[in-house]
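**Q** the following comprises the amino acid sequence and a computationally predicted model.
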Amino acid sequence: MSIELSGLVAAVFTPMRGDGALNLAVAGDYVSLLAERGVGGILPCGTTGQFPALSVDERQAVAEAFVEAAADKMPVVVHVGCDSIDSARRLAAHAADIGADAIAALPPSYLKPPDLDAVVDWYQRLSEAAPQTPLFYYHIPSLTGVELSVLQLLRKAIGRVATLAGVKYTHEALDEYALCVDEFGDRLQILFGRDETLLSALVVGATGAIGSCYNFASPLYRRLWDAFNAGDLTAARKDQLKAIRLINTLKGYGYPAASKSCMKLLGIDCGPPRPPFKPLTAEQESALGEDLTALGLINP
């Protein structure tokens, strides 16, 4: 039971039709494009995939489509987090049954765990539903509101959650991230999840990253990573700034819809986001394409 994730892992969009129904027929071409552009793995049904807007049955269908599409191309980490432990366990068992390489899960976030022991107990129960599948803790307190010390959590969980493989760390606290890498980097994979500050994470020891921008801007991020490894911090900073400008441009149009539109510009139509987000108008899509072309950001 092991998985090795390094480099860029794309948190993939859930492909949809104009009416909001799933459009999983594009999964094969989608994964092929990512592989061609240097992406080393995928995470379906995460925040980028709008998992709260999907039913459990839909999440299973999405997981099946991407696991099949990625076979022999790249590893797949299926996000299975739910506030309902029974639903999370069902999704975890399903991911294991279809051959997912790993699972990840957010902690319950509406009725928040009262302490670290409750969090560890929840993940222990989850891991028992997929006892041979590596499990990643998904830390994104800006959305879950679950504010806890990941460092302390790992210290408690590493001996109690047998399948614990690492963390998807989507938070700005680079001091804690560095401590997690230093203490657990030889035993767990501490994957970074903030595309805006990837360079800073590399400086403190990141070896892998999961993010939405790696769907459509992986050449830019790969160049940033290569420049860092080559010791060219000037070039790496330049590309990180370019990535920040890309993200700010997308936010100006509404990030969920605009980022999906980027895939359409690359020839993979992932459709609109589900409510409560609104799709871009035709005029907005045209303007976005012009902005990204002018900035040299969609195909850097």
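**A** Alright, I've got the coordinates.
**Q** put the alpha carbons of the one helix or strand Phe228 maps to into PDB.
**A** In the assignment (DSSP states H and E), Phe228 maps to helix 218-229. The C-alpha trace of helix 218-229 is given here as PDB (Å, rounded to 0.1, in the frame of the first residue of the first chain):
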ATOM      1  CA  SER A 218       0.900  23.400 -16.300                       C
ATOM      2  CA  PRO A 219       3.600  24.500 -18.800                       C
ATOM      3  CA  LEU A 220       4.000  27.800 -16.800                       C
ATOM      4  CA  TYR A 221       4.200  26.000 -13.400                       C
ATOM      5  CA  ARG A 222       6.600  23.300 -14.800                       C
ATOM      6  CA  ARG A 223       8.800  26.100 -16.000                       C
ATOM      7  CA  LEU A 224       8.700  27.700 -12.600                       C
ATOM      8  CA  TRP A 225       9.500  24.400 -10.900                       C
ATOM      9  CA  ASP A 226      12.400  23.800 -13.300                       C
ATOM     10  CA  ALA A 227      13.800  27.200 -12.800                       C
ATOM     11  CA  PHE A 228      13.700  26.700  -9.000                       C
ATOM     12  CA  ASN A 229      15.500  23.400  -9.300                       C
END
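**Q** what mean pLDDT does the next helix or strand after that helix get?
**A** Later in the chain than helix 218-229, the nearest helix or strand by DSSP H and E is helix 233-253. Averaging the model's pLDDT scores along helix 233-253 yields 96.
**Q** cool, and stretch 98-115?
**A** Stretch 98-115 comes out at a mean pLDDT of 97.
**Q** returning to that earlier point: how far does the helix holding Phe228 sit from its chain's centre?
**A** 18 Å (Cα atoms, centre = their mean, to the nearest Å).
**Q** that one to helix 233-253, inter-axis angle?
**A** With axes from the mean of the first three to the mean of the last three Cα atoms, to 10 degrees as the basis, helix 218-229 and helix 233-253 are set at 150 degrees to each other.
**Q** okay, the spatially closest residue to Ser109 that is not a sequence neighbour and Asp117: tell me how far apart.
**A** Distances taken as Cβ to Cβ, 6 or more residues apart in numbering put Thr144 closest to Ser109, at 3.8 Å, once the chain neighbours are dropped. The way it works is simple: take the backbone N, C-alpha and C, and place the C-beta from them, glycine included. Using Cβ to Cβ, to the nearest Å, one gets 18 Å for the distance from Thr144 to Asp117.
**Q** name the residue in the two with the higher neighbour count.
**A** Legend: neighbour count by other Cβ atoms under 10 Å for Thr144 and Asp117, higher for Thr144 (19 against 11).
**Q** next, the contact list for the more buried one, please.
**A** Thr144 makes contacts with Leu106, Pro107, Ser109, as judged by Cβ atoms under 8 Å, 6 or more residues apart in numbering.
**Q** touching, the first one and Phe136? I think so.
**A** Going back to what we said before, that points to Leu106. No - if you go by Cβ atoms under 8 Å, Leu106 and Phe136 don't touch, sitting 10.3 Å apart.
**Q** any idea how far the residue nearest to Ser109 is from Cys82?
**A** With Cβ to Cβ as the criterion, Thr144 and Cys82 are 12 Å apart.
**Q** just to revisit the earlier point, quick one: average pLDDT of the helix holding Phe228?
**A** 97.
**Q** neighbouring contacts of it?
**A** 7-8, 10, 34, 37-39, 195, 198-199, 202-203, 209, 213-214, 233, 235-236, 239-240, 242-243, 246, 297, 299-300.
**Q** which parts of that helix are buried?
**A** Ser218, Leu220, Tyr221, Arg222, Arg223, Leu224, Trp225, Ala227, Phe228 (16 or more other Cβ atoms under 10 Å).
**Q** as JSON lines, those with distance to Glu128 would be great.
**A** Converted to JSON lines, these look like this (distance: Cβ to Cβ, whole Å):
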{"residue": "Ser218", "distance to Glu128": "35"}
{"residue": "Leu220", "distance to Glu128": "41"}
{"residue": "Tyr221", "distance to Glu128": "36"}
{"residue": "Arg222", "distance to Glu128": "38"}
{"residue": "Arg223", "distance to Glu128": "42"}
{"residue": "Leu224", "distance to Glu128": "39"}
{"residue": "Trp225", "distance to Glu128": "36"}
{"residue": "Ala227", "distance to Glu128": "43"}
{"residue": "Phe228", "distance to Glu128": "39"}
